[in-house]
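In: the sequence isn't on hand, but the structure is:
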């Protein structure tokens, strides 16, 4: 791989990182915006700051999983990485345009899988890493749902004798904390996915050795670019997440963000690349279901689930075509 090609691919990876922050800004700010606690502009500033500082809190387990645990490092070259990134970016743009909260994380996983299979067949995948990530499609929203529902029940019991106005005032303040924690978890899990891609590129280009640590400039660049993406915000998706699934109040918005943050912290600590979109959606549905089942617009939730199911195969398909074109013409 030439130095010029390495630079181009690093820039494409950072473009995906920006799109990730842009596309998934809704995950961090939808609850606090829809409850009226913060205006959209202040909310994205709040989220972007905690996206950026996440590198000071978390290790690099997720980056290692993406860089070394999804596809066989022996088959990785510039064409595989290019195909994976184009597949992921394309799916993100399509779902952003239609306001569908899909997973940037699983778009990247699908892109990696599609490019790897196009080059080397199914043997190009590392089964344990790919299956672990695929299992998170089900487990992360399920855990978000469970924690959101349980937290909502516990808080309802604790606050049962408090005046509604006092409850509202208390949780309007606490939403700052829960939104900060969720943004921290978002930055910690999602920015590392781009770090993993660049880590992979640097190893392939022989800039660093497989056993070397990830250079700090990569960490800083990925966290910065994701924060900038969040600053621009994906407003189409904010509306879907914060208003169309269920009506949120400060207490339910707090429960959704806090339970989603707990899920992300756990997954990042275990090195599992999960979907922040899946996680917060599950949490929002969980808190809405506790109020009453009819409070959740199940038709909207169902359409989101369909987008989840199509994310990996669609991004894999685009990635496979992109790999073929890159292999043939680049």
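Out: Perfect, thanks for sending it. Treat the numbers as computed from the prediction; the structure is a model and nothing was measured.

In: can you give me the helices for the stretch 1-150 of the chain?
Out: 3-34, 40-52, 61-68, 78-97, 104-120, 127-158 (DSSP state H, counting those that start in this stretch).

In: return the most buried member of those.
Out: helix 104-120 (a mean of 27; mean count of other CB atoms under 10 Å). Yep, even glycine has a C-beta here, placed from its N, CA and C like the rest.

In: which of the helices of the stretch 1-150 of the chain sits closest to residue 204?
Out: Residue 204 lies closest to helix 78-97 among the helices of the stretch 1-150 of the chain, at 7.4 Å (CB to CB).

In: elements contacting that closest one?
Out: Counting contacts by 3 or more CB pairs under 8 Å, 6 or more residues apart in numbering; DSSP states H and E, helix 78-97 packs against helix 3-34, helix 104-120, helix 164-204, helix 235-239, helix 298-329.

In: in JSON lines, list these along with distance to residue 142.
Out: Converted to JSON lines, the helices and strands packed on helix 78-97 look like this (distance: least, CB to CB, whole Å):
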{"stretch": "helix 3-34", "distance to residue 142": "17"}
{"stretch": "helix 104-120", "distance to residue 142": "15"}
{"stretch": "helix 164-204", "distance to residue 142": "17"}
{"stretch": "helix 235-239", "distance to residue 142": "21"}
{"stretch": "helix 298-329", "distance to residue 142": "12"}
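
In: need those helices in CSV with distance to residue 140 and mean pLDDT, can you?
Out: As requested, the helices and strands packed on helix 78-97 are exported to CSV (distance: least, CB to CB, whole Å; pLDDT from 0 to 100):
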stretch, distance to residue 140, mean pLDDT
helix 3-34, 12, 83
helix 104-120, 9, 90
helix 164-204, 10, 90
helix 235-239, 17, 53
helix 298-329, 10, 81
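
In: which one, of the ones you listed, ends up nearest to residue 78?
Out: helix 3-34 (5.3 Å).

In: the closest one vs helix 40-52, what angle?
Out: 130 degrees (axes from the mean of the first three to the mean of the last three CA atoms, to 10 degrees).

In: from the contact counts, what lies against helix 3-34?
Out: Looks like helix 3-34 contacts helix 40-52, helix 78-97, helix 104-120, helix 164-204, helix 216-232, helix 235-239, helix 250-270, helix 276-291 (3+ CB pairs under 8 Å, 6+ apart).

In: so which of those is nearest residue 16?
Out: helix 78-97 (5.3 Å).

In: distance from the chain centre to that closest one, please.
Out: 15 Å (CA atoms, centre = their mean, to the nearest Å).

In: looking at the helices of the stretch 1-150 of the chain, which is nearest to residue 328?
Out: Nearest of the helices of the stretch 1-150 of the chain (CB to CB): helix 78-97, 9.2 Å.

In: got the angle for the closest one vs helix 164-204?
Out: 160 degrees.

In: follow-up on the earlier one: reformat the helices of the stretch 1-150 of the chain as TSV; add distance to residue 317.
Out: TSV is the format used below for the helices of the stretch 1-150 of the chain (distance: least, CB to CB, whole Å):
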stretch	distance to residue 317
helix 3-34	17
helix 40-52	30
helix 61-68	20
helix 78-97	8
helix 104-120	6
helix 127-158	16
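
In: distance-wise, check residue 13 relative to residue 155.
Out: 41 Å (CB to CB, to the nearest Å).

In: can you tell me which residues contact the closest residue to residue 103 other than its chain neighbours?
Out: Spatially, and ignoring its direct neighbours in sequence, residue 103 is nearest to residue 275 (3.5 Å; CB to CB, 6 or more residues apart in numbering). Contacts of residue 275 were listed using CB atoms under 8 Å, 6 or more residues apart in numbering, and they are 103, 104, 105, 106, 136, 137, 140, 141, 308.

In: and for residue 77?
Out: Residue 77 neighbours (CB under 8 Å, 6+ apart): 1, 204.

In: hmm, residue 273 and residue 66 touching each other?
Out: Yes - between residue 66 and residue 273 there is a contact under CB atoms under 8 Å: 5.9 Å.

In: now do the shared contacts for the two.
Out: In contact with both residue 66 and residue 273: 108, 192, 193, using CB under 8 Å, 6+ apart.

In: with distance to residue 321 as added columns, please give the residues you listed in a markdown table.
Out: Output for the shared contacts of residue 66 and residue 273, formatted as a markdown table (distance: CB to CB, whole Å):
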| residue | distance to residue 321 |
| --- | --- |
| 108 | 16 |
| 192 | 27 |
| 193 | 22 |
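
In: between these, which is nearest residue 210?
Out: Nearest member of the shared contacts of residue 66 and residue 273 to residue 210, counting by CB to CB, is residue 192, at 17.7 Å.

In: residue contacts, the closest one?
Out: 58, 60, 61, 62, 63, 66, 222, 268, 273.

In: look up how far residue 191 lies from residue 75.
Out: 25 Å.

In: so for those two, which residue has more residues nearby?
Out: residue 191 (29 against 15; other CB atoms under 10 Å).

In: I'd assumed residue 223 was in contact with the more buried one.
Out: Yes - counting by CB under 8 Å, residue 191 touches residue 223, with 5.1 Å between them.

In: confirm that residue 207 sits in a strand.
Out: No - read with DSSP: H, G, I helix; E, B strand; the rest coil, residue 207 is coil and lies in no strand.
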